[in-house]
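Asker: Provided below are the primary sequence and the corresponding predicted coordinates.
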Amino acid sequence: MTDPQPLVKPAASAASSNPSPGAIGPEAYTRWRATTLGAVTQALEHRLLHQIIGVVKGKHVLDLGCGDGLLTAALAERGARAVGIDIDRAMLCAAVARTDPGQREPARFAEGRLEQLPFRDAAFDVVVAVTVLCLLSDEAIAVREAARVLRPGGRLIIGDLGRWNAWAARRRIKGWFGSRRWRSAHFSTAGDLSRLVEREGLTVEAVRGSVYYPPMGVLARALAPLDHWLGAVTTIGAAFIAVSATKRAHDGSQKEYASGTWMRLHTSGSVPLSTMRNWCTTFGRPRGAADFRRAGILAIATLTLLGLRLATA
């Protein structure tokens with residue numbers, strides 16, 4: 001496959017771009033990660049992302065809206081030929097400072113808009129978009145561009161903000177009271193994200209949730225051990241939802257990319273893909289576990305109501 005590197009502009013020499021309204025700087029990321037809530041939440045989100053991304057050694061990976069480059073650098077350390085792109089120059093400078101110049105395949109960064117990526121068609125094996133589509137005015141254009149630069153058989157991984165949870169409620173309230181960032185943000189269900197990628201011709205393989213606790217550090221630490229279990233049961237109540245989708249190969253076949261405990265799906269499989277997807281986007285279990293599902297939903301609803309009350313107190 002053609003190496004996309006020649007089209008990557010160093011962040012320091014890229015043409016100037018204006019960050020989106022309400023954009024935050026790298027210092028805010030640093031302060032967030034220094035808190036208990038931020039550290040626990042980011043660790044859970046990145047664990048889920050690395051699981052769903054799978055093996056990246058030797059693959060060309062694009063990180064959309066890379067911010068200060070934490071995920072991009074981690075992918076490069078795992079052997080990926082990683083490229084991060086962002087519109088905010090301050091973020092890109094922080095991302096470049098994070099890279100290890102002595103690394104065999106250090107992460108590279110480019111300045112640009114996600115709605116008009118400066119890369120040729122079919123340049124990447126994996127494209128990742130984490131908590132960035134929710135901040136765009138037209139996320140469909142960004143997904144279309146992501147699909148364009150993805151090679152046939154490659155995968156798009158989206159990690160975005162869930163709609164029905166205490167975090168989303170708190171952020172909406174902040175938007176009502178003047179926060180530019182959250183006033184224009186939008187939140188998604190697993191079904192919303194699945195339809196978004198399917199409209200661009202991609203096939204959804206897996207959907208998982210994470211971050212089921214209210215935005216409080218003490219609850220984050222206490223409930224983090226349950227996150228993996230809840231993520232396998234439902235995306236309802238999840239503040240973070242991850243979707244993995246594959247771009248169809250030219251010959252119509254679907255490559256197998258699953259790793260770990262992820263489902264292995266084939267076009268000739270015995271279980272229809274639409275049925276499997278419904279399991280993932282609702283409760284992640286066949287109907288035989290009804291009592292198990294109800295218990296999980298009840299627990300999530302209770303925690304969400306508690307978080308809303310404490311957040312608005």
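Answerer: Right, received. Where do you want to start?
Asker: tell me the buried residues in the lengthiest strand in the chain?
Answerer: In the chain, taking DSSP state E as the definition, the longest strand is strand 150-161. By neighbour count on 16 or more other CB atoms under 10 Å, the buried set for strand 150-161 is 150-151, 153-161. Any C-beta I mention is one placed from the backbone N, CA and C, and that applies to glycine too.
Asker: which residues of this protein fall in helices?
Answerer: Taking DSSP state H, the helices of the chain run over residues 26-34, 36-53, 70-77, 89-98, 139-149, 166-176, 180-183, 190-198, 217-223, 227-231, 273-282, 290-311.
Asker: would you reformat those helices as CSV and include mean pLDDT and distance to Ala249?
Answerer: As requested, the helices of the chain are exported to CSV (pLDDT from 0 to 100; distance: least, CB to CB, whole Å):
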stretch, mean pLDDT, distance to Ala249
helix 26-34, 91, 37
helix 36-53, 96, 19
helix 70-77, 96, 23
helix 89-98, 94, 32
helix 139-149, 96, 13
helix 166-176, 92, 36
helix 180-183, 85, 39
helix 190-198, 96, 16
helix 217-223, 95, 40
helix 227-231, 92, 29
helix 273-282, 35, 15
helix 290-311, 52, 35
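Asker: describe which strands the longest strand of the chain pairs with in its sheet and in which direction.
Answerer: strand 124-130 (parallel), strand 240-247 (antiparallel) (DSSP bridges).
Asker: now mean pLDDT too, for the ones you listed, in CSV please.
Answerer: Below are the strands paired with strand 150-161 laid out as CSV (pLDDT from 0 to 100):
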stretch, mean pLDDT
strand 124-130, 98
strand 240-247, 96
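Asker: deepest-packed of those, please.
Answerer: Sort these by mean neighbour count, taking mean count of other CB atoms under 10 Å, and strand 240-247 sits at the top with a mean of 26.
Asker: report the inter-axis angle for it versus helix 139-149.
Answerer: The directions of strand 240-247 and helix 139-149 differ by 40 degrees, with axes from the mean of the first three to the mean of the last three CA atoms, to 10 degrees as the criterion.
Asker: so what angle separates the directions of strand 240-247 and helix 36-53?
Answerer: Calculated by the same axes, to 10 degrees, strand 240-247 forms an angle of 20 degrees with helix 36-53.
Asker: quick check: which of the helices of the chain is buried the most?
Answerer: helix 70-77 (a mean of 23).
Asker: which residues are contacting it?
Answerer: Contact with helix 70-77 is made by 29, 46, 49-50, 53, 56, 61, 63, 66, 82-84, 95, 98-100, 103, 105-107, 109, 128, 130, as judged by CB atoms under 8 Å, 6 or more residues apart in numbering.
Asker: so how far is that helix off the chain centroid?
Answerer: Its chain's C-alpha centre and that of helix 70-77 lie 14 Å apart, by CA atoms, centre = their mean, to the nearest Å.
Asker: now do stretch 37-51
Answerer: From the chain centre to the centre of stretch 37-51 is a distance of 11 Å (CA atoms, centre = their mean).
Asker: what does stretch 201-221 give?
Answerer: 10 Å.
Asker: please apply the same query to stretch 170-183.
Answerer: Counting by CA atoms, centre = their mean, stretch 170-183 comes out at 21 Å from the chain centroid.
Asker: give me the distance between the two termini of it.
Answerer: One end of stretch 170-183 sits 12 Å from the other (CA to CA, to the nearest Å).
Asker: what's the answer for stretch 88-108, then?
Answerer: So stretch 88-108: terminal residues 15 Å apart, CA to CA.
Asker: how about stretch 50-57?
Answerer: Rule used - CA to CA; the end-to-end distance of stretch 50-57 is 12 Å.
Asker: show me the contacts for Gly84.
Answerer: The neighbours of Gly84, taking CB under 8 Å, 6+ apart as the test, are 62-63, 66, 69, 71-72, 92, 95, 107-110.
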